[in-house]
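**Q** I'll drop the sequence and a predicted model, then ask my questions.
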Amino acid sequence: MKTAIAIRHVAFEDLGVFAPVLEELGYQIRYVDPGILDAGELAALDVEAAELLVVLGAPIGAGDETTYPFLLAELELIGRRLRSGKPLLGICLGAQLIARVLGAKVAPMGVKEIGFGALQLTTEGAAGCLGALGDGGTVLHWHGDMFELPPGATLLARTGICPNQAFSLGKAVLGLQFHLEADPARIEQWLIGHAAELSASGIDPVTIRRQAKDVGEELRQRGQQVLRDWLAGLA
């Protein structure tokens, strides 16, 4: 059986709607929680052996290793995975960490982009796996930082607030700033987990809850198709 390792920083930001797709395709999912493992255990993780590595999101920054020292070990293992040439998917913080390892800057935008909103695909994005979303399709945004485009990478998507929303590096590396994996049926966990951030940013959780109900089923189907298409393109 194939193995998919998912680096999960907070419990509710898991593989979400991606999990059943991976299981359907014959992957055994293994979660790794950096906040629980010590640095030595994280550094010893054999990320080269798994058929797929997914680095998930978190409400911390890609440059916060002074406050969260485990990020140093995580950056190192992402570097090992990149050198292996095997498939690597980064979501939100995960995409930012990949970009940082590849030499790109990650910095605050000065504004939060949170909630369900439209995504604009580049020509390359529309021609690839993100084409399943449709140009102008709705996705869940939840971030305040942005990665610059790594050297040699291809820009796949943007928004009016954040010009760098997704990138690929060859076939094997995909970085998504937005949350296709988030299960709209579980949006309440996000609203609770990020309550302080929402309040500080003046963002109404009632609006996000309503949006999740309105677009949830279509977004779940489109997000799952993106993952299927990306994995199929690796062959």
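**A** It's in.
**Q** give me the contact list for stretch 151-166.
**A** 95, 99, 102-104, 109, 111, 113, 117-122, 124-125, 128, 130, 141, 143, 146-149, 167-169, 173-178 (Cβ atoms under 8 Å, 6 or more residues apart in numbering). C-beta: built from backbone N, CA, C; applies to glycine.
**Q** now those: which count as buried?
**A** 95, 99, 102, 104, 113, 119, 121-122, 124-125, 128, 130, 141, 143, 146-149, 167-169, 173-178 (16 or more other Cβ atoms under 10 Å).
**Q** phi, psi of E65?
**A** phi -70, psi -20 (degrees, to the nearest 10).
**Q** so it sits against E76, correct?
**A** No. Assessed by Cβ atoms under 8 Å, E65 is found out of contact with E76, at 10.9 Å.
**Q** my guess is P205 contacts A196. True?
**A** No. Between P205 and A196 there is no contact under Cβ under 8 Å: 11.5 Å.
**Q** which one's more surrounded, the two?
**A** Neighbour comparison, P205 and A196: the larger count goes to P205, with 18 against 9 (by other Cβ atoms under 10 Å).
**Q** so what secondary structure elements neighbour the lengthiest helix in the chain?
**A** Assignment by DSSP state H gives helix 205-233 as the longest helix of the chain. Helices and strands touching helix 205-233, as assessed by 3 or more Cβ pairs under 8 Å, 6 or more residues apart in numbering; DSSP states H and E, comprise helix 18-24, strand 106-118, strand 138-147, helix 187-193, helix 195-201.
**Q** burial-wise, tell me which of those comes out on top.
**A** Most buried of those by mean neighbour count (mean count of other Cβ atoms under 10 Å) is strand 138-147; its value is a mean of 22.
**Q** list the helices and strands that one packs on?
**A** helix 93-101, strand 106-118, helix 205-233.
**Q** angle of it against strand 106-118?
**A** Here strand 138-147 points in a direction 170 degrees away from that of strand 106-118 (axes from the mean of the first three to the mean of the last three Cα atoms, to 10 degrees).
**Q** output strand 138-147 as PDB, nothing but the C-alphas.
**A** In PDB, the C-alpha atoms belonging to strand 138-147 read as follows (Å, rounded to 0.1, in the frame of the first residue of the first chain):
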ATOM      1  CA  THR A 138     -14.600  30.100  -5.000                       C
ATOM      2  CA  VAL A 139     -12.100  28.800  -2.500                       C
ATOM      3  CA  LEU A 140     -11.500  29.200   1.300                       C
ATOM      4  CA  HIS A 141      -8.800  31.800   2.100                       C
ATOM      5  CA  TRP A 142      -7.300  32.000   5.600                       C
ATOM      6  CA  HIS A 143      -3.900  33.800   5.800                       C
ATOM      7  CA  GLY A 144      -2.100  37.000   6.400                       C
ATOM      8  CA  ASP A 145       1.300  36.200   4.900                       C
ATOM      9  CA  MET A 146       2.300  35.700   1.300                       C
ATOM     10  CA  PHE A 147       5.100  33.700  -0.400                       C
END
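**Q** T3 sits in which helix or strand?
**A** T3 is located in strand 2-7, with elements delineated by DSSP states H and E.
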